[in-house]
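[1] give me a model of this one.
(chains A and B)
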Amino acid sequence: MKIVACYSNKGGVGKTATSVNLAYACAMSGKQTLLCDMDPQGASGFYFRVKPSRKLKKQAFFKDVDCFTGAIRASDYDNLDLLPANMSYRDFDIFLSRMKNRRSRLKKALKAVGNEYDVIILDCPPNISLLSENVFKVADKIVVPVIPTTLSERTLEQLYNFFNNNKYQKKKLLPFISMMQKRKNLHKETRLRLQKKYKNFLDNSIPFSTDIEKMGVNRAPVLAYARSSPAAKAYEKLWSAIQDKVKF
Amino acid sequence: MEPFVFTLPPGKNLKKLRRHLDNDTLYDLVVKKGELVDCSILDTFDNEIRLSKRILLLTGQALLLINLANGRIIEQQSGSTWSFLSELEDGPVAGSLKGVSRLRAFMVVSRLKIRRDMGLILDDEGKTRARLHIVSFFRKKRSLQLGITQSLRGYERAHADLKSWLMKMGANLCRDVGEMYSRLGVKPKNYSAKPDIFLASEDPIKESATTIIRTYINVSRQNETGVVADYDTEFLHDYRVSFRKVRSVLSLFKGVYGAEQTAQLKQEFADLMKQTNRLRDLDVYLLGREDYFQMVPESSHEGLGILFDAISKERVNEHKKVCKMIERKSYRRQIDEWVDLYAGGNLTSGPNAMKSSNQYVAGLILKRYRKVCRIARGIDETTTDEVVHELRIHCKKLRYLMEFSLPLFSKKKVKVLIRALKVLQDNLGRFNDYSVQQVSLGVFMSGQSMSGKKSLKVAESIGALTAMLYQLQYRERNLVMENFAHFDSERIHASFIELFQLEE
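    Numbering: from 1, shown residues only, chains lettered A, B, ... in the order given. Here you go, the predicted model:
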């Protein structure tokens, strides 16, 4: 099982749209996928029309296997399940390591209900907290959307510094350009500069697109309602690039 | 939550289900209606798909496999024309059919039309909470609606609600493909190579032997069309095995029928079988083609290719001969005579005719079992191959006797013994096959008229193959003692005594 986190310490960069579309692309490739909505605003759940469960407000959520497995909801798409937003992620690190441990009760419980996930995608909240640090430790790769602005560049630099200072593995970070406008030279230059600066910076970029904006109206991944749009194709390519890096 | 697999009573459909939903403000039903398409139901001759509670449908180039036992619907493209599982492209359907015989051809059971509709139970946010697949079958003037519900994780309650609405509509649980066939007027052939035979323990053995022979003549006859049409090699195989069983009854059940009549019938059956021997041998070679190629070094592949081309050509001719035989009037007359004879015709009686069936068969089994043990216990590294061959023949006879005895004794217990014997028998069977193949490859070569160069290549490959077959035969030979030791256990001995040592 692989864990791919979608993280940015800056808000409004298209993080949830990325998580939702990557999870969809992953499921379409035949992998059993679980998307964990860890953002308290619960936007991933909104895009899949999934209402948060009452059970999730319980404090010891991640300690209670039955509570956890009972909170998972099937999406409308094959191979794709969702864990709706939960306000308390206190024991999330323990939970994630249990997911990885074959012999854990959690893993067995998931297997028993026919949900042994191949990939878990985490839609993380936009801050550096105990939760995100746990994610940095346990995720196999961390996808970081960066919008081509000076401010966003600075935030990425801060993230790399944070990884340096805390000795987290920088090779886990997979930044890419989000909301790219090809006509703008500034965007192209920023991408080139960042690619030179960061070894793992992906070639892929997600365009600034009204198709993505319509996700809120359609309440579905772009890939589900506008499959042939440039935005959908970009997400597909992004997932395939991540897949190569994760090495399934 | 388990899917609910059901059929709808005539006159009920998804529209009527919607009416039930209208009273419930929580959910909405959206129906995506499919198109009416031509379709064929596929199965093997021995109905492997139907008996495993599944239906395999071919619509255009798409295959659809519906499992009534677990409610799974699997689809894949079938690709170009295929008859055997090995020819079907990899995909979910091919994967799910893995347990089906690779030797059996898939044939059309019936042609009909189908339409697939999908129902979605939605909540107030438009989120799907349960799914409903409806496959409507139309054949001549009959129709049938098969439904399968699908529960979604975390929304089990919606699924339970859906199930209860369907039940209120009169939906009936459906787990039997046969029931669907009969509602659609599809009449499949109920073929089995090993049909259930009903015998009574106290009946005279002559009566039981006659029932067994009559049953197996009938099994053979059911394969005639398939042998001629050459759908797959199992038709000829089953045809021969059934006649072999008939011959076994005649030769093993001594003194049941009059000596003269038995001798004559044995000869008649043997003469018939002889005419299909060569075709079966060639089939066995061709089925093992890949294994043979893997056995020899690549340098021998060219010769082996020429050899197999010759085998394929000979098979074409041999198959024609067998077809002619089956289509001959004299053959039909002969079969009809046998059918009449064993349907209550003039069968003479031997001295044992009136013995009770179970006493008689139990006696034969014990005698044969002891013989097998006596020979096998005497086998060591120095024993000649002839003795191993003798053991094989006795094991085969013991196997047939036990199979015949199934209706007379505890089926479960006899099957345990058959399984125990099977390991040894398979071992001996392979030993025999490798030995026979070595000889017959040489004979095959001498019967061919090839040019010098070709003949040299073939001779080289046969040489390489013979060396490998010898090694394999030797390996099997060494396993005989080990496998017999397993069969020769206290437990198995006690079972034989318990089952077959009957008080007079």
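
[2] just checking, which helix or strand of chain A averages the lowest pLDDT?
    The weakest-scoring helix or strand in chain A, judged by mean pLDDT, DSSP states H and E, is helix A:105-112 (a mean of 60).

[3] count the residues that sit near residue 136.
    The chain I'm using is chain A. By the criterion of other CB atoms under 10 Å in any protein chain shown, A:Phe136 has 21 neighbours. Glycine gets a C-beta too; all of them are placed from N, C-alpha and C.

[4] sorry, should have said chain B
    18.

[5] surely it and B:Leu112 touch.
    No. With contact defined as CB atoms under 8 Å, B:Ser136 does not count as touching B:Leu112 (10.2 Å).

[6] who's in contact with the most far-flung residue of chain A relative to its centre?
    The C-alpha centroid of chain A is most remote from A:Asn185, which lies 28.5 Å away (CA atoms, centre = their mean). Residues in contact with A:Asn185 (CB atoms under 8 Å, 6 or more residues apart in numbering or on different chains): none are found.

[7] and the gap between it and A:Leu192?
    Per CB to CB, to the nearest Å, A:Asn185 is found 10 Å from A:Leu192.

[8] same question for B:Gly447.
    B:Gly447 is 77 Å from A:Leu192, by CB to CB.

[9] so what pLDDT did B:Lys274 get?
    If you check B:Lys274, the pLDDT there is 95.

[10] tell me how many other residues surround it.
    9.

[11] buried residues, the helix or strand harbouring it. List them.
    Applying DSSP states H and E as the criterion places B:Lys274 in helix B:259-287. By 16 or more other CB atoms under 10 Å in any protein chain shown, the buried positions in helix B:259-287 come out as B:261-262, B:265, B:269, B:272-273, B:276, B:279-283, B:285.

[12] widest-spaced pair of these?
    Longest distance between any two of those is 37.3 Å, between B:Gln261 and B:Tyr285; criterion CB to CB.

[13] now A:Phe46, nearest residue through space, not along the chain?
    Leaving out its chain neighbours, the residue that sits closest to A:Phe46 by CB to CB, 6 or more residues apart in numbering or on different chains is A:Arg219, at 6.8 Å.

[14] let me redo that: B:Thr128
    Spatial nearest neighbour of B:Thr128, excluding adjacent residues (CB to CB, 6+ apart): A:Asp76 at 4.5 Å.

[15] so the one you found makes contact with B:Lys127?
    Yes. At 6.8 Å, A:Asp76 and B:Lys127 qualify as touching, with contact defined as CB under 8 Å.

[16] look at these two and report which has more neighbours.
    For A:Asp76 versus B:Lys127, neighbours defined as other CB under 10 Å are more numerous around B:Lys127 (22 against 19).

[17] go ahead and confirm that one touches A:Leu82.
    No. With contact defined as CB under 8 Å, B:Lys127 does not reach A:Leu82; the gap is 10.4 Å.

[18] name the residues contacting each of those two.
    A:48, A:50.

[19] that older thread, tell me the contacts of the residue nearest to A:Phe46?
    Under the criterion of CB under 8 Å, 6+ apart, the neighbours of A:Arg219 are A:46-49, B:125-126.

[20] which parts of chain A sit against chain B?
    By the rule CB under 8 Å from any CB of the partner chain, the part of chain A lying against chain B is A:48-51, A:53, A:70-74, A:76, A:81, A:113, A:115, A:219.

[21] what subset of these is buried?
    By neighbour count, with 16+ other CB under 10 Å, the residues of chain A next to chain B hold A:48-50, A:53, A:70-74, A:76, A:81, A:219 as buried.

[22] go through these and name the one with the lowest pLDDT.
    Lowest model confidence among those falls on A:Ser53, which carries 61.

[23] where do the strands of chain A begin and end?
    A:2-6, A:33-37, A:73-74, A:80-83, A:119-123, A:141-146, A:173-180, A:205-207 (DSSP state E).

[24] closest one to B:Asp46 among the ones you listed?
    Comparing the strands of chain A by CB to CB, strand A:73-74 comes nearest, at 38.5 Å.
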